[in-house]
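Colleague: pasting the sequence and the predicted coordinates here, then a few questions.
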Amino acid sequence: MTMNERKSGFDFSGASFTGAQNFAAGGTARVDQVFVGDSGGGELEELRRLVAELVGLLEQHSRTDVDSARAHDQATELEELLRQHTPDSDSVRKRWSRLRPLLDTLGHTGSVASIAGLVSSLF
């Protein structure tokens with residue numbers, strides 16, 4: 001870890017901090033970058049890929065089955081949330097908690113466990 005003191009504050013590099021940070025009485029911390037998991041890139045991209053595949057699968061059946069149509073709508077909304085540069089954790093977890101039971105009812109088991117694991121570890 002490197003720390004450089006400047007007149008207006010401190011620069012920290014090469015360190016990880018969790019939770020609120022206060023480095024001096026009345027001090028504040030500014031976050032310039034947030035990394036999730038493996039810097040957020042690989043796992044988040046894998047989650048995006050799996051959800052996109054799921055949307056495609058559900059789309060094939062959404063025209064003939066009401067539950068599949070509902071699951072497709074939920075999966076599409078999850079896919080849209082995950083497109084954001086930094087997806088909102090609460091929104092992703094809520095959308096997944098609505099989608100998962102529908103997938104269980106429909107018997108989709110393929111990537112459900114992988115998606116559940118990634119949602120849990122990233123959000």
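Modeller: Looks like it came in fine.
Colleague: buried residues in stretch 57-73?
Modeller: Of the residues in stretch 57-73, L57, L58, S62, S68, A69, R70, A71, H72, D73 count as buried by neighbour count, 16 or more other Cβ atoms under 10 Å. (C-beta placed from N, C-alpha, C; glycine too.)
Colleague: let's see which of those end up in strands.
Modeller: If you go by DSSP state E, the buried residues of stretch 57-73 have nothing in strands.
Colleague: among the residues you listed, which one sits closest to P87?
Modeller: When the buried residues of stretch 57-73 are compared for distance to P87 (Cβ to Cβ), D73 wins out at 18.1 Å.
Colleague: which one among the buried residues of stretch 57-73 gets closest to D104?
Modeller: When these are compared against D104 (criterion: Cβ to Cβ), the nearest one is A71, at 10.0 Å.
Colleague: my read: that closest one touches L103, true?
Modeller: Yes. With contact defined as Cβ atoms under 8 Å, A71 counts as touching L103 (6.0 Å).
Colleague: which SSE is the nearest residue to V112 once chain neighbours are set aside in?
Modeller: Nearest residue to V112, sequence neighbours excluded (Cβ to Cβ, 6 or more residues apart in numbering): L103, at 5.3 Å. Under the criterion of DSSP states H and E, L103 resides in helix 89-106.
Colleague: what's in contact with stretch 71-91?
Modeller: 34, 44, 47-48, 51-52, 54-55, 58-59, 61-62, 92, 95-96, 98-99, 102-103, 106, 108, 123 (Cβ atoms under 8 Å, 6 or more residues apart in numbering).
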